[in-house]
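In: turn this into a structure:
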Amino acid sequence: MPRGQRNEDMTTLRMALVGYQVEKQKIDEKIREIEAKLKGRTATAPAAQASAPAAKKGAGGRRTLSPAARKRIAAAQKKRWAEHRKKLASEGKES
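Out: As a prediction, the model looks like this:
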């Protein structure tokens, strides 16, 4: 076995372990979210992950909308689709 290869192997294994631990945390979070939806409640992060570094904040983080906000967004989208369908119907009659 050449010199230094064992040390490089250990470094690679450590890096792989860190990567898999991060993936496991993501998978565990998704499992908690799905279980919470199945139980009809919102997911809550355990205290240990709440104090984790700002890895969750950023592109991967999601905001929670209130029911009233979701209702407003849904109404606005329905209005947009109604206008779109009306426009398509009027274009179809002209042809």
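
In: output the longest helix belonging to the protein.
Out: For the chain, the longest helix by residue count, based on DSSP state H, is helix 5-39.

In: okay, buried residues for that one please.
Out: For helix 5-39, a neighbour-count test (16 or more other CB atoms under 10 Å) marks Glu29 as buried. In short, each C-beta sits where N, CA and C put it, glycine included.

In: for that helix, what is the average pLDDT?
Out: Across helix 5-39, pLDDT averages out at 90.

In: distance from that helix to the middle of the chain?
Out: Relative to its chain's centre, helix 5-39 lies at 16 Å (CA atoms, centre = their mean, to the nearest Å).

In: domains for this protein, by residue range?
Out: Domain assignment for the chain by automatic domain parsing gives 1-53, 65-95.

In: how about the last one: buried residues?
Out: Within domain 65-95, not a single residue qualifies as buried, counting by 16+ other CB under 10 Å.

In: chain center to that domain, what's the gap?
Out: 26 Å.

In: begin at 27 from here
Out: Yes, from this point I'll number from 27; that puts the last item at domain 91-121.

In: I'd like the average pLDDT over it.
Out: What domain 91-121 shows for mean pLDDT is 91.

In: ok, Leu91 touching Ala100?
Out: No. Shown here, Leu91 and Ala100 do not form a contact pair, counting by CB atoms under 8 Å, at 10.5 Å.

In: from Lys97, how far off is Trp106?
Out: You called it Trp, but residue 106 is Arg. 15 Å (CB to CB, to the nearest Å).

In: picking up where we left off before, which neighbours do Leu91 and Ala100 have in common?
Out: Counting by CB atoms under 8 Å, 6 or more residues apart in numbering, Leu91 and Ala100 have no shared contacts at all.
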